[in-house]
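Undergrad: Here is my input, please return the structure:
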Amino acid sequence: MTETIRYEESGSAGEVEFRRYPSIILATVTGPNENENFWILFRYITGNNRSGTKVPMTSPVITPEKIAMTTPVISETNAMSFVLPAAYRMKEVPEPVDTRIRIQEIPPRELAVIRFSGKALASDVSRVRERLLKKLEEAKITIMGTPFLMRYNAPYTPGFMRRNEVGIEITR
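TA: You can find the predicted model right below:
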């Protein structure tokens, strides 16, 4: 069974769910495409690290949501993060061999999320992102940073069975 980040529900507003998350540790890579980023991180958790330690897979896999730009973008990169198991502390995290992997601790925070199913196509994610931002604006809830996509299932899971969420950090 895959470990999933634990959170405490702190309210809701229609389809928007508010959650409090504890501190988490992320292994993040930024590269040219999601597929390559996934395999870099997968190799890391399957032992391609300084200690050769296998790290259990957890969910969700997190990717920042691209926001449409009005000016030309010189280079476009994609980031992807794996959440490390809750039992790990920063000093215990296996050191990556691949220098493209960055380990970071995210402090406790509150998120607003909307859940949806399907393959998380860019058009679907964009629609959910816009709904989330609109509902938060209507509720006069302050957002922090940019939205991100959280995917909870293996790539071979049929779309109708997949759990996806668009989330953003908030303050209330």
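Undergrad: ok, now how distant is Tyr88 from Pro94?
TA: 9 Å (Cβ to Cβ, to the nearest Å). Using the backbone N, CA and C atoms, a C-beta is placed for each residue, glycine as well.
Undergrad: Which residues are in contact with each of these two?
TA: Counting by Cβ atoms under 8 Å, 6 or more residues apart in numbering, the shared contacts of Tyr88 and Pro94 are Val55.
Undergrad: Show the average pLDDT along the longest helix along the chain.
TA: The residue-count maximum for a helix in the chain (DSSP state H) belongs to helix 122-138. Helix 122-138 comes out with an average pLDDT of 96.
Undergrad: Residues contacting it, please?
TA: Residues contacting helix 122-138 (Cβ under 8 Å, 6+ apart): 13-16, 65-66, 112-114, 116, 118, 143, 147, 149, 164, 166-168, 170.
Undergrad: Can you select the buried ones among these for me in ChimeraX?
TA: Buried residues within those, by 16 or more other Cβ atoms under 10 Å, are selected in ChimeraX with:
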select :16,65,66,112,113,114,116,147,149,164,166,167,168,170
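Undergrad: Which of the contacts of helix 122-138 fall within strands?
TA: Residues from these lying in strands, with DSSP state E as the criterion: 13, 16, 112-114, 116, 143, 147, 149, 164, 166-168, 170.
Undergrad: hey, where'd the helices end up in the chain?
TA: Using DSSP H, helices in the chain cover 34-45, 122-138.
Undergrad: Quick check: Ser117 touching Pro158?
TA: No: counting by Cβ atoms under 8 Å, Ser117 stays clear of Pro158, with 9.6 Å between them.
Undergrad: Give me the more crowded residue out of these two.
TA: For Ser117 versus Pro158, the count of surrounding residues by other Cβ atoms under 10 Å is larger for Ser117: 14 against 10.
Undergrad: In contact with the residue positioned nearest the centre of the chain: list those residues for me.
TA: Per Cα atoms, centre = their mean, the C-alpha nearest to the average position across the chain is that of Ile62, at 1.9 Å. For Ile62, the contact set (Cβ under 8 Å, 6+ apart) comprises 26, 80-83, 148-151.
Undergrad: OK, contacts around the nearest residue to Thr4 once chain neighbours are set aside?
TA: The spatial neighbour of Thr4 that comes closest, neighbours along the chain excluded (Cβ to Cβ, 6 or more residues apart in numbering), is Ser59 at 4.9 Å. By Cβ under 8 Å, 6+ apart, the contact list for Ser59 reads 2-5, 83, 151-153.
Undergrad: Please tell me how far Ser59 sits from Lys134.
TA: 27 Å.
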